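Novice: here is my input; please provide its structure:
(chains A and B)
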Amino acid sequence: MHIPDGFLDAKTAVASGGLAVAGIGIALHSVRRAAAARRVPLIGLAAAFVFAAQMLNFPVAGGTSGHLIGAILVAVLLGPSGAVLAMTAVLVVQCFMFADGGVTALGANIFNMAIVAPGVGYVIYAGVWRAVGDSLRSRLFATAFAAWCSTVVASILCAGQLAFSGTVAWQVAFPAMAGIHMVIALGEAVISTLVVAAVAKARPELLALSRETPARPRYTELTAYGLLVSLGLVVFVAPFASGWPDGLEKVAVMLGFEPKAAATPLLAAPLPNYTIPGFGSAIPSTIVAGGVGTLVAFVVAYVLARALTPRVDAANRRGPGGASSRA
Amino acid sequence: MHNLLLNPYRHRASLIHRLPAPVKLLGATVCVLATVLLPRSAWPAHAGIGAGLLVVALLSSVPPWHLGRRLLLAEPFAVGIALLALLQDNGLQVFLAMLAKSTLCLFCIILLNSTTRFTDLLRVFRRLRVPALLVVTLALMHRYLFVLFEETGRLLRARRSRTFTTGRRHAWRLTATVAAQLFVRTSERAERVYAAMCARGWKP
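Specialist: Next up is the predicted model:
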């Protein structure tokens, strides 16, 4: 998902750079305000940890292997703002030391992978965890589901930025990026959940961002990330994914790229002529695949969470008067 | 390959190496910006930038195989995204332009980090008023990257010497356990680093 140099035009690079700076600003502010000073080195070392953990190979099939992306894992372990800073550091080092991801695309890459991925991931994680209940199983379930969703959302934003730059048509970028990343995201969900389960087994206190600890993120922080992500979606994805041509035209006139947009067939309103049996174009089928994928991810998350929780946890929750004798 | 990737800096005493880091960073930024902002059909200008970068590469006396291998390692990602551009109207032109632009920028950044230490770049970032918390995070990450890589190597060696099955299901769980153990050790190390930083008078 690392966008190299030369794939984004000036307006996209500047817009996503602005969003990235805003996101890093929120993270810096809330780490300075809320986190204890002892967590500062942990953020830097967690960035190095992500880098090292990305080198671990998970065998897939036919000699290929996948690796961890790590955004949601760090978000679960450090909280959203620590994760934003750690992932930003990872991307800056990848850009300047390893030439992985472009300098002019650094803002876009940071926004997608260091702000949207942990931000969306953490909001979903916190929401699901809160809704399901305070147990290890609900945490693992929330981790898996949040990992899938955040990876897919980040890839859709990446496709939006490429299309917004006029480099790759939305009709190609969206199905390709979202399609590939729906599969990658399943791997990410499984790996992140396995790691969180293993951390919980080895050192449960490291997962201590529970409801009682004061270090848990505040609602303002999560709302700020939510707003930022929605802004990104409105700017980069909404012009293509919705049937509001006047909105886009207004933006096009405002930014002065109207003739270019008219020349390339970027504008498509797939939803009005959206029919399930036909699968007319790739976009509606990608949206359907997204829906199915979300369900699959939900089921995978549930199965994983069930399989990885020690049985004792389930027995305790059933209470002392439970009829079952399983221990 | 790990060494190649992890330590891109090649020590030489060339003219380019002796240039101050801010100058090199500025030069690289200008070069990348110019390449990106050039119109897609401006082939002579692209060729000019390429020739300029080659001259810098020769002056830097970094071994050509080093630059070439790093370029080859980084290229597939750019090609992957550029391939998507083929599937549209006048896609070939966009494809070639994207490929040229991203290759030039990659080469520029590879030259920068082969001749400049990352710590020097961090010093420039600090002078540019990048927030201190971010610079500290970057510095700590860069410092402990190598330590954690060795730690990972030790964990993997220990696992290999104790496991006799190679089933895929087990492989995933075992590798995840290695990652989790790595995180546990990372957070313990962070505690020690914090104590050491405080002992040396660090204030957040």
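
Novice: in the stretch 51-200 of chain A, which spans are strands?
Specialist: Assigned by DSSP state E, counting those that start in this stretch, the strands in the stretch 51-200 of chain A fall at A:58-59, A:65-66.

Novice: now for the last one, which elements pack on it?
Specialist: Spelled out, that is strand A:65-66. Under the contact criterion of 3 or more C-beta pairs under 8 Å, 6 or more residues apart in numbering or on different chains; DSSP states H and E, strand A:65-66 touches strand A:58-59, helix A:170-202. The way it works is simple: take the backbone N, C-alpha and C, and place the C-beta from them, glycine included.

Novice: where among these is average confidence lowest?
Specialist: If the helices and strands packed on strand A:65-66 are sorted by mean pLDDT, strand A:58-59 sits at the bottom with a mean of 81.

Novice: so what pLDDT did residue B:165 get?
Specialist: On pLDDT, residue B:165 comes in at 70.

Novice: ugh, wrong one, residue A:249
Specialist: 50.

Novice: so how far is residue B:111 from the nearest residue to residue B:145 once chain neighbours are set aside?
Specialist: Nearest in space to residue B:145, with sequence neighbours left out and distances taken as C-beta to C-beta, 6 or more residues apart in numbering or on different chains, is residue A:48 at 4.7 Å. Separation of residue A:48 from residue B:111 (C-beta to C-beta, to the nearest Å): 25 Å.

Novice: same check on residue B:44?
Specialist: 21 Å.

Novice: higher neighbour count, the two?
Specialist: residue B:111 (26 against 8; other C-beta atoms under 10 Å in any protein chain shown).

Novice: so what's residue A:42 up against?
Specialist: A:78, A:82, B:186, B:187, B:190, B:194 (C-beta atoms under 8 Å, 6 or more residues apart in numbering or on different chains).

Novice: looking at those residues, which are in helices?
Specialist: Mapping the contacts of residue A:42 onto helices (DSSP state H) picks out A:78, A:82, B:186, B:187, B:190, B:194.

Novice: before we move on, back to that, let me know which of the helices and strands packed on strand A:65-66 is tucked in deepest.
Specialist: Comparing these by mean neighbour count (mean count of other C-beta atoms under 10 Å in any protein chain shown), helix A:170-202 comes out on top with a mean of 22.

Novice: now find how far off-centre that one is within its chain.
Specialist: 9 Å (C-alpha atoms, centre = their mean, to the nearest Å).

Novice: C-terminal to it, what's the next element?
Specialist: helix A:219-236 (DSSP states H and E).

Novice: list the contacts of that following helix.
Specialist: Under C-beta under 8 Å, 6+ apart, the answer for helix A:219-236 is A:12, A:15-16, A:19, A:22-23, A:26, A:30, A:34, A:80-81, A:84, A:111, A:115-116, A:119-120, A:122-123, A:126, A:153, A:157, A:160-161, A:163-164.

Novice: likewise stretch A:189-198?
Specialist: By C-beta under 8 Å, 6+ apart, stretch A:189-198 touches A:53, A:58, A:66-68, A:70, A:72-73, A:76-77, A:136, A:139-140, A:143-145, A:147-148, A:151, A:207, A:297, A:300-301, A:304-305, A:308-309, B:172-173, B:176-177, B:179-181, B:183.

Novice: alpha carbons of that stretch, as PDB, please.
Specialist: Output of stretch A:189-198 as PDB, limited to C-alpha atoms (Å, rounded to 0.1, in the frame of the first residue of the first chain):
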ATOM      1  CA  ALA A 189      -6.700 -10.200  11.200                       C
ATOM      2  CA  VAL A 190      -5.600 -13.700  12.000                       C
ATOM      3  CA  ILE A 191      -1.900 -12.700  12.700                       C
ATOM      4  CA  SER A 192      -2.900  -9.700  14.900                       C
ATOM      5  CA  THR A 193      -5.300 -11.800  16.900                       C
ATOM      6  CA  LEU A 194      -2.800 -14.600  17.400                       C
ATOM      7  CA  VAL A 195      -0.300 -12.100  18.600                       C
ATOM      8  CA  VAL A 196      -2.700 -10.400  21.000                       C
ATOM      9  CA  ALA A 197      -3.800 -13.800  22.300                       C
ATOM     10  CA  ALA A 198      -0.200 -14.800  22.900                       C
END
